[in-house]
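*Asks:* 3D, please:
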Amino acid sequence: MLERTIRAIAGTFIVLSLILGYYVNANWYWFTAFVGVNLFQSAFTRWCLMEEILKKFVFKQATTKA
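*Replies:* Below is the predicted model of the structure:
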């Protein structure tokens, strides 16, 4: 469930920043690059900031029940 949530958030961030980059300001493309770089580094380091945030706030109850 956590992996699917991370993928959904990353996909949403990418699409949203592409839309904002096209319609609002091209500097939003830097956010797209930031998300992409974080996805790339997490593939090698097995560490993801969004995973830490979700574990701390959203999935806190689910991880403590087990």
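*Asks:* now the helices for this structure?
*Replies:* 2-23, 29-45, 49-57, 60-65 (DSSP state H).
*Asks:* which helices and strands sit right next to the first one?
*Replies:* It stands for helix 2-23. Counting contacts by 3 or more C-beta pairs under 8 Å, 6 or more residues apart in numbering; DSSP states H and E, helix 2-23 packs against helix 29-45, helix 49-57. (C-beta placed from N, C-alpha, C; glycine too.)
*Asks:* angle of the last one against helix 29-45?
*Replies:* When you say that, I think you mean helix 49-57. Orientation check (axes from the mean of the first three to the mean of the last three C-alpha atoms, to 10 degrees): helix 49-57 against helix 29-45 gives 80 degrees.
*Asks:* on that earlier part again, nearest to Ala10, out of the helices and strands packed on helix 2-23?
*Replies:* helix 29-45 (5.8 Å; C-beta to C-beta).
*Asks:* Flag every buried residue along the closest one.
*Replies:* Residues of helix 29-45 classed as buried by neighbour count (16 or more other C-beta atoms under 10 Å): 31-32, 35, 38-39, 42.
*Asks:* For that helix, enumerate the helices and strands it packs against.
*Replies:* Against helix 29-45 (3+ C-beta pairs under 8 Å, 6+ apart) you get helix 2-23, helix 49-57.
*Asks:* quick one: it to helix 2-23, angle?
*Replies:* 150 degrees.
*Asks:* for helix 29-45, what is the average pLDDT?
*Replies:* What helix 29-45 shows for mean pLDDT is 95.
*Asks:* Name the residues that touch it?
*Replies:* If you take C-beta atoms under 8 Å, 6 or more residues apart in numbering as the criterion, helix 29-45 is touched by 10, 13-14, 17-18, 20-21, 47-51.
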